[in-house]
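J.: I'll drop the sequence and a predicted model, then ask my questions.
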Amino acid sequence: MSAHHHKEDFLFKYVFSTDHKMISKQFLVTGFLMGFLGLVMSTLFRLQLGWPGESFEVIDMFMGSWAEDGVMSPDKYLALVTMHGTIMVFFLLTAGLSGTFSNLLIPLQIGARDMASGFLNMLSYWFFFLSSVIMLISLFVEGGAASAGWTIYPPLSALPQAIPGSGAGMTLWLVAMAIFIVSSLLGSLNYIVTIFNLRTVGMTMTRMPLTIWAFLFTAIIGVLSFPVLLSCALLLIFDRSFGTSFYLSDIYIGGQVLEHSGGSPILFEHLFWFLGHPEVYIVLLPALGITSEIISTMTRKPIFGYRAMIGSMMAIGFLSFIVWGHHMFLTGMNPFLGSVFTFTTLLIAIPSAVKVFNYLTTLWKGNIRFTPATLFSIGLVSTFITGGVTGLVLGDSALDINVHDTYFVVGHFHIVMGLSAIFGMFAGVYHWFPKLFGRMMNNKLGNVHFWLTIICAYGVFFPMHFLGFAGVPRRYYTNSEFPMFDNMIDINEFISMFAILAFFAQLIFFFNFVYSAFRGPRAPQNPWKGNTLEWTAPVEHFHGNWYGEIPHVYRWPYDYSKVDANGDYVSGEDYIPQTVPLGDNEKDGGH
Amino acid sequence: MSMENINYKEEVRRKTSKPLLWIGIVSIIMFFSGLTSAVVVSQGGGSFLKIDLPFAFTISTLIIIASSAAFHFGLISVKKGNLAIAKISVLVTLVLGLSFILTQFLGWVALYENEVYAVGSQSTQESSYLYLLTALHIAHLLGGLISLIVVLVKTIKERYSVDNMLGMQVSITYWHFLGGLWIYLFFFLRYIIA
Amino acid sequence: MTIIVVVAIILLVITGSQLLKIAELRAKSKGELIYEVTEKEGKNLGLMLFAGFFVFMGFFAWQMWKWYGLRLPVSASVHGESIDFLSDLTYFIITPVFILTHAILLWFCYKYAYSSKRKAVFFSHSNKLELIWTTVPSIALTVLILIGLNTWNNTMAPVPEETEHVLLEVTSQQFTWTARYAGEDKKLGRSHVTLIEGVNATGIDKEDENSNDDKLVKGEFHLPVGVPVQFVFRSLDVIHSAYMPHFRAQMNCVPGLKTQFNFVPKITTKEMKKITDNEDFEYILLCNKICGAAHYNMQMNIIVESQEDYDKWLAEQKTFGE
């Protein structure tokens, strides 16, 4: 051994690392950088929406020739909206969230030294990195970035004549997404196989923390749905570049009739939403898993209804594959199909309600420690409720007729999917920061960040429902062309002011994040007194996670505040790590 | 520590190679079911012109079945310890794999001669699908060929034995899958497009 | 300007870092761990969350008071009434759920904030409770689904051929709408993009005898009150969506496909001006599917009037044959 002993050089330790913990950090940092860009974009277009046509120096500074005299042009507004959506949904909340925490927690919580294939895992990150770079380059090509909305419906996305962004920008968008899909598939492959095959001794499936269950379902959904998006994108690439007619038919644009015939844009929508809807749960489930774990640890109580939580995640995952039509109620689909999709869509409310009530019962008679991670988890429960209930309006085909594609939709999905997922991600970062960087984040700044964020989040997205009641369509550059929307300018200004404040609130987080990563107080091994295996691993990082043998597991992860017949804690403390063997009269699994 | 590490890595490889492949196969299946259901949806939208499927595709189907059989024979030979026959079998598999690509290519030539075009203004939806599906199958087959070459080299170097044939097993699983995928595509093309 | 901003940011970061350092040192000198939440802090945060409930509900009420009045006026179509009823019913169910769950959530945060004197209760599952909150939402959903499906099917059923109705084709293209009335024969002439030529901007087939009496209008179209309107939608270029919010009507316009919607207008523009107390009120058709740079300004006015006024107006319009 000594003969071959060599220092890991910089390149392989920090760049082409195959260690899941380093890859996790790489995903986190790349995801946050992309997310920050998405945030900047939304702040810029909120300026336009709040004060349409007014000149802003910041817009001029950031957008240059895209915004003459500090006023962005309508097609560049759409480019910003499109890129904001793409970046937030895929780069921040799919790769950034799932990539970070699946990578960090799967091996550590199930007791494995690394992922099934470190090499594929590294490849997954670098494909993601490449995809991010290409997506960023697409901002700087002739015609500007893709501007057909993040759903890139053809023919708009297929024809540069229809909007300038559908030229080179769209091509790069598609290339970036194809690479992204490969990255996501490689990641998911690894996650699933690791969970099924590399659990430590005693770690049965029903002793896995809910985080792992959530990551497992997320990965399975990803493996089943992302390939379909790839086929969808592939056909679009052919239509755009090689003159095929999969999606295009009977088009007259720019003074001439195109040669495409026989295709159908509806086919695109079907293929797209077959991924698109499961994607919502790819984003949401990891956040739900993370908060289940945090809420249980911080209330010092077992999560209520462990099996029901798993069951409801499974039900949500299954249903997510048979509801995609609810995005397409108004595409002229057969009304009977619409009825079927309404039925399946509204069914999702049942497992979701179960989850919410289980969260509430977990809090009941707990002993709650309010770290920033707890606060964000509570925030998630709140946004999950607020955004969830309006889903009953949108999922109902009859009601969808009048709110489809209005700001009501924007409000709904930002709250239920955007906010819930990002709150889950923030909670995860605060909670597992000691595991990621071996240091602690600052609580006070964390609290300030939480309060500002939740106030701004509701300040931004709640009023959007009222815009929806007034019939204001989304993706409008300005509402000033319609006298019926003149009264809405107040609401838009209100929203924009909160959006700007929200932007600054995130700066607090980024400062806290960077400062704590380098200068924060050193973390003890188990700062939150958690039961799960990651807290039995040493603080310092090395490839292999545990010195010596991997710990064995003897119980489920939620033995918090377990008392014996006399009302005393079984172990003398209010938590019993999974590595502690069961006592003589003790039963496993919350009995 | 070092020795234990190597054992652990070996154990991980043993436990996870096949599952990794299987889940990869699931995602490839989803990819192709996305495409073939796109064909079905497109067909529902309008009239589909029928295309005569070239005879070459029938031959290639037989070839790929034969190659799977040859590969399987190779695996059995390794199990029986008969490495000489294994070498020949794997070589035959590789040759058959290459001839499969060749016959597919001949199939395209025949299509082209019949004025069935892949892309461009004279192409139709069904002709584009036909070329696209066959080409994407070959794209996946290339991966199989690379693994086949690795297996061939290792067989020639006599690296495989009864207790050490994981690489070969993984490769053969993927190869059988590609065969099955082609048979599915063949019948799909035969009865939906052609 | 840029320099000032950069300098300000750097100064802020330095000050922030120093403040954090000082706070840590002070905690250390007291023998505390800065990242531990003390019991008092925890109680305060719990209280703040509970107070947050009232602030949140206050915010909700304030918005209702200030902005609910801006919502669309009463439905101007017959089927829209059942949509509005279903909508009200849904809000009637979800609003209490929204308020109650938040009340419970944030009350628990206050009530069960950390105390060293208390032990958390080990309560891991209860089949009875879980059964209750699976069943109750299921029942509420069954009601919503049944009414919803009924409303949906009634709305989407096309107008029967034999019923007296207006047949109207709406064609969308970047960034304008064209409406075409079927004319005397009540039949729309054939149309296709390949036939677009000069003034025939929507590609109507001149050879088709049904085309000649069709009437094309731009800018605004009129509808008689109380008569069913059967819409047919086309698009010449990209996907658009014909959204008529006052009629609770919307349908996508897809190139290469004909889509349909129908409704019975029941309030004339004049009456609606009175109802909304707004002299300038107009019904409107707007595009609601991203379609390009000027997506935000793709509109057409709709005027609902009495049968006589409508007949008079229609008679003034030129036919396609002319």
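T.: Done, it's in. Residues are numbered from 1 along each chain as shown, chains lettered A, B, ... in the order given.
J.: any idea of the pLDDT on the closest residue to chain C within the stretch 151-300 of chain A?
T.: When distances are taken as CB to the nearest CB, the stretch 151-300 of chain A reaches nearest to chain C at residue A:249, 3.2 Å away. All C-beta atoms are positioned from the backbone trio N, CA, C, and that covers glycine. Per-residue confidence at residue A:249 stands at 88 (pLDDT).
J.: May I see the buried residues of the helix or strand harbouring residue A:126?
T.: According to DSSP states H and E, residue A:126 maps onto helix A:118-137. For helix A:118-137, the neighbour count (16 or more other CB atoms under 10 Å in any protein chain shown) marks A:118, A:120-132, A:134-136 as buried.
J.: again, but for stretch C:311-322
T.: Neighbour-count burial for stretch C:311-322, with 16+ other CB under 10 Å as criterion, is recorded at C:313-314, C:320.
J.: Closest one of those residues to chain A?
T.: Sorting these by how near they are to chain A, with CB to the nearest CB, puts residue C:320 at the top with 17.8 Å.
J.: Pull the residues that contact the helix holding residue A:126.
T.: Contacts to helix A:118-137, defined as CB atoms under 8 Å, 6 or more residues apart in numbering or on different chains, come from residues A:16-20, A:23, A:26-27, A:30, A:34, A:37, A:83, A:86-87, A:91, A:95, A:99, A:103, A:114-115, A:172-173, A:175-177, A:179-180, A:182-184, A:186-187, A:189-190, B:20.
J.: among the residues you listed, which are in strands?
T.: Within the contacts of helix A:118-137, no residue falls in strands by DSSP state E.
J.: Do any residues in the helix or strand hosting residue C:56 lie close to chain A?
T.: In this structure, residue C:56 is located in helix C:39-67 according to DSSP H and E. Yes - where contact is defined by CB under 8 Å from any CB of the partner chain, part of helix C:39-67 touches chain A, namely C:41-42, C:45-46, C:48-49, C:52, C:56, C:59-60, C:63, C:67.
J.: will you turn those residues into a markdown table that also has neighbour count and pLDDT?
T.: Converted to a markdown table, those look like this (neighbours: other CB atoms under 10 Å in any protein chain shown; pLDDT from 0 to 100):
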| residue | neighbour count | pLDDT |
| --- | --- | --- |
| C:41 | 17 | 90 |
| C:42 | 19 | 92 |
| C:45 | 26 | 95 |
| C:46 | 22 | 95 |
| C:48 | 17 | 96 |
| C:49 | 25 | 96 |
| C:52 | 22 | 96 |
| C:56 | 20 | 97 |
| C:59 | 16 | 97 |
| C:60 | 17 | 96 |
| C:63 | 16 | 96 |
| C:67 | 20 | 94 |
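J.: Show only the entries of the contacts of helix A:118-137 found in helices.
T.: A:20, A:23, A:26-27, A:30, A:34, A:37, A:83, A:86, A:103, A:172-173, A:175-177, A:179-180, A:182-184, A:186-187, A:189-190, B:20 (DSSP state H).
J.: Now the buried members of the residues you listed.
T.: Restricting the ones in helices among the contacts of helix A:118-137 to buried positions leaves A:20, A:23, A:26-27, A:30, A:34, A:37, A:83, A:86, A:103, A:172-173, A:175-177, A:179-180, A:182-184, A:186-187, A:189-190, B:20, with burial counted as 16+ other CB under 10 Å.
J.: Torsion angles phi and psi at residue C:251?
T.: Here the main-chain torsion angles of residue C:251 (degrees, to the nearest 10) amount to phi -150, psi 140.
J.: Let me fix that, I meant to ask about residue C:269.
T.: Main-chain torsions, residue C:269, degrees, to the nearest 10: phi -60, psi -40.
J.: Render the CA-only coordinates of the helix holding residue A:126 in CSV, please.
T.: Extracted as CSV, the C-alpha positions of helix A:118-137 are listed here (Å, rounded to 0.1, in the frame of the first residue of the first chain):
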residue,chain,number,x,y,z
GLY,A,118,-18.8,6.5,-9.2
PHE,A,119,-17.8,6.9,-12.8
LEU,A,120,-21.4,7.2,-14.1
ASN,A,121,-22.1,9.6,-11.2
MET,A,122,-19.2,11.8,-12.3
LEU,A,123,-20.4,11.6,-15.8
SER,A,124,-23.8,12.6,-14.7
TYR,A,125,-22.5,15.8,-13.1
TRP,A,126,-20.3,16.7,-16.1
PHE,A,127,-23.2,16.2,-18.5
PHE,A,128,-25.2,18.5,-16.3
PHE,A,129,-22.3,21.0,-16.3
LEU,A,130,-22.0,20.9,-20.1
SER,A,131,-25.7,21.3,-20.4
SER,A,132,-25.7,24.3,-18.2
VAL,A,133,-22.9,25.9,-20.2
ILE,A,134,-24.7,25.3,-23.5
MET,A,135,-27.9,26.7,-22.0
LEU,A,136,-26.0,29.8,-20.9
ILE,A,137,-24.3,30.2,-24.4
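J.: Grab the most central residue of the chain for me.
T.: No chain was given, so I picked chain A. The C-alpha lying nearest the average C-alpha coordinate of chain A belongs to residue A:93 (CA atoms, centre = their mean; 2.5 Å).
J.: Can you look at chain C instead?
T.: The residue at the geometric middle of chain C, judged as the C-alpha nearest the mean C-alpha position with CA atoms, centre = their mean, is residue C:245 (8.6 Å).
J.: Thanks a lot, see you next time.
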